[in-house]
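Q: Any chance you can model this:
(chains A and B)
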Amino acid sequence: MIVINNLHKGFKDVKVLKGISTSFEPGKTNLIIGQSGSGKTVFLKSLIGLHTPEKGTIVFDGRVNTDMSSDEKRQLRQEIGMVFQGSALFDSQTVEENVMFPLKMFTKQSDEQMLERANFVLKRVDLIGANKKFVAELSGGMQKRVAIARAIVMNPKYLFCDEPNSGLDPQTAIIIDNLIKEITEEYQITTVINTHDMNSVMEIGEKIIFLKDGKKAWEGSNNEIFKTDNEAVVNFVYSSNLFKKVRQAYLNETN
Amino acid sequence: MNYLEHIGKYFMMLKLVFRKPQRIRVFKEALSREIEELGIKSIGIIAFISFFIGGVIALQTALNLNNPLIPKSLIGFAAKRSIILEFAPTFCSIILAGKVGSYITSSIGTMRVTEQIDALEVMGINSLNYLVLPKIIATVLFYPFLIILGMVLGIFGGWLAGTLTGLFSGVDYIEGLQTDFDPYLIQYSMIKTLVFAFIIATVPSYQGYFVKGGSLEVGKASTRSVVWTTVLIVICNYLLTQMLLT
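A: I've put the predicted structure just below:
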């Protein structure tokens, strides 16, 4: 479980995060949504330690980020899996090498054991027969699968995904969403996803946090988001006519 | 950002680079890869340029020393001195600053803008140590051999140019090479090479690692890295010459 208390972060004179408090439970897909510039990426990067918060704490299963030593922080990072927006795969390495990389760096497994583990996670993300391919030879969806495989190869307790659907066709996006949700439930990972994709919000958003101007403006589930009367959320989520109609149909059906 | 800030940031970077590698096995693999990329793949260009420039140095010297009172062996002597003292260590390093420096900046810069460096950091890997240390060790270990190759081929190019054109004889040239040979000059040349190798590995790494933006910025950083590496090589060349030869 991750608990965030009063998180603040800014760059020079610009305050990006203005006191965000929330919590993310294991085994659930937690979504962060909001307009561009609302602070989603800074929030996510603060959680994974790429930005140092100015104020506030992040508690990972009882471990407070501000009280941790360098070694504890390094240990914590080995419990974190991250899927970047552009996949961030090492393009000089093959699929297999990319997935085995964290194992090579942090375990003392033999080559055979590492290969076995890599093959297992690649199979788990339905990517078979691409072991020797380089990143440039893969489609966007396949790259995302490799990124997920690399993120889960160390059995992480926490999985963070920055816009995992960006650049994917709707069908592949749903497959990736479902894959993340399945893995989250199967391994009881605390998953936090930063997304713009409203399909993801409706499909897998067990807990949704809406950020506006660096503050948490709303939080709830995908069912609650249909019923909310929070103007900012409604304007953001139901900005397209299609989603307005979907919401109206849902409300008609439930009333 | 002012120059002092850049200098401070550069040394802060070096502090993080010089740590014990997290996995020796991974470090060795990276080192052999860098020796191939930064060293072995530069042999061709260094051999080609050294050979022809050596020829040009010998020909220019021969054409400008047409006084019958000056012995022909002086051509070999002058060519040897020019090649060992300046051409091989300095000129070849400037060529390497262009070839290798732009490669280092663009490869690390691309990793930065495509979040590959962030991915390393999130995994708990010291990205500077992982990316830059093998490059420094590779250049410092391999460039002395590359520069010695440049010296040998430059001197050989001079001999071949002279004998093919008939401007001087091979015997005179070799006599000049053997005249007043001071092994300290090789030592001086190697000290310069090690310093330049360090600059060639670290300055472009700095430029690439701290790049912000997209591919256009990576391109600009590559240009900047070649310019600054060259400027530093030239300045250090002057300082080292003054320190070691005067």
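Q: Could you use CA atoms for every contact and neighbour count after this?
A: Fine.
Q: Helix or strand next in line after the lengthiest helix in chain B, which one?
A: For chain B, the longest helix by residue count, based on DSSP state H, is helix B:127-165. Going down the chain from helix B:127-165, the next helix or strand is helix B:170-178, by DSSP states H and E.
Q: ok now do the closest residue to chain B within the stretch 151-255 of chain A, which residues does it touch?
A: Distances between the stretch 151-255 of chain A and chain B by C-alpha to the nearest C-alpha are smallest at A:A151, namely 9.0 Å. By C-alpha atoms under 8 Å, 6 or more residues apart in numbering or on different chains, A:A151 lies in contact with A:I80, A:G81, A:M82, A:V83, A:L159.
Q: Just these: which are in helices?
A: Per DSSP H, the contacts of A:A151 never map to helices.
Q: List, out of these, those positioned next to chain B.
A: A:I80, A:G81, A:M82 (C-alpha under 8 Å from any C-alpha of the partner chain).
Q: Distance check, the first one against B:K80.
A: Right, the one you point to is A:I80. Per C-alpha to C-alpha, to the nearest Å, A:I80 is found 59 Å from B:K80.
Q: Looking at those two, which is more packed in?
A: B:K80 (29 against 23; other C-alpha atoms under 10 Å in any protein chain shown).
Q: And for the residue of the stretch 1-150 of chain A at minimum distance from chain B, the neighbour number?
A: Closest to chain B within the stretch 1-150 of chain A is A:A88: 4.7 Å, counting by C-alpha to the nearest C-alpha. A:A88 is flanked by 23 other residues according to other C-alpha under 10 Å.
Q: Repeat that for the one 4 residues further on.
A: As a burial measure, the neighbour count of A:S92 was computed by other C-alpha under 10 Å and equals 12.
Q: now B:N67
A: Count around B:N67 with other C-alpha under 10 Å applied: 9.
Q: Then A:S36?
A: 12.
Q: Equivalent analysis for A:C161, please.
A: 23.
Q: helix, strand or coil for it?
A: strand (DSSP: H, G, I helix; E, B strand; the rest coil).
Q: Helices of the chain, start to end?
A: Reading this off chain A. Counting by DSSP H, the helices of chain A are A:40-47, A:70-77, A:95-106, A:111-124, A:140-152, A:170-187, A:198-204, A:224-227, A:231-237, A:241-254.
Q: Please refer instead to chain B.
A: B:3-17, B:24-34, B:43-64, B:73-81, B:92-113, B:116-122, B:127-165, B:170-178, B:183-209, B:215-245.
Q: As JSON lines, those with mean pLDDT would be great.
A: Converted to JSON lines, those look like this (pLDDT from 0 to 100):
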{"stretch": "helix B:3-17", "mean pLDDT": "94"}
{"stretch": "helix B:24-34", "mean pLDDT": "95"}
{"stretch": "helix B:43-64", "mean pLDDT": "95"}
{"stretch": "helix B:73-81", "mean pLDDT": "93"}
{"stretch": "helix B:92-113", "mean pLDDT": "96"}
{"stretch": "helix B:116-122", "mean pLDDT": "94"}
{"stretch": "helix B:127-165", "mean pLDDT": "96"}
{"stretch": "helix B:170-178", "mean pLDDT": "93"}
{"stretch": "helix B:183-209", "mean pLDDT": "96"}
{"stretch": "helix B:215-245", "mean pLDDT": "95"}
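Q: for A:D61, what are its contacts?
A: So A:D61 contacts A:M1, A:I2 (C-alpha under 8 Å, 6+ apart).
Q: Starting from A:Y158, give me the distance back to it.
A: Using C-alpha to C-alpha, A:D61 is found at 10 Å from A:Y158.
Q: do A:N5 as well
A: From A:N5 to A:Y158 the distance is 18 Å (C-alpha to C-alpha).
Q: Between the two, tell me which one has more neighbours.
A: Legend: neighbour count by other C-alpha under 10 Å for A:N5 and A:Y158, higher for A:Y158 (27 against 16).
Q: and chain A, which of its residues are near chain B?
A: A:48-50, A:73-75, A:77-78, A:80-82, A:84, A:86, A:88-90, A:102, A:104-106.
Q: Tell me how many other residues crowd the spatially closest residue to A:K15 that is not a sequence neighbour.
A: Spatially, and ignoring its direct neighbours in sequence, A:K15 is nearest to A:K9 (6.3 Å; C-alpha to C-alpha, 6 or more residues apart in numbering or on different chains). When neighbours are defined as other C-alpha under 10 Å, A:K9 has 23 of them.
Q: go on, A:N194?
A: 24.
Q: Could you check how far it is from A:A149?
A: 18 Å.
Q: can you pull the contacts of the nearest residue to B:I148 once chain neighbours are set aside?
A: Once flanking residues are discounted, B:I148 sits nearest to B:A88: 7.5 Å by C-alpha to C-alpha, 6+ apart. If you count contacts by C-alpha under 8 Å, 6+ apart, B:A88 has them with B:S50, B:I147, B:I148, B:G150, B:M151, B:G154.
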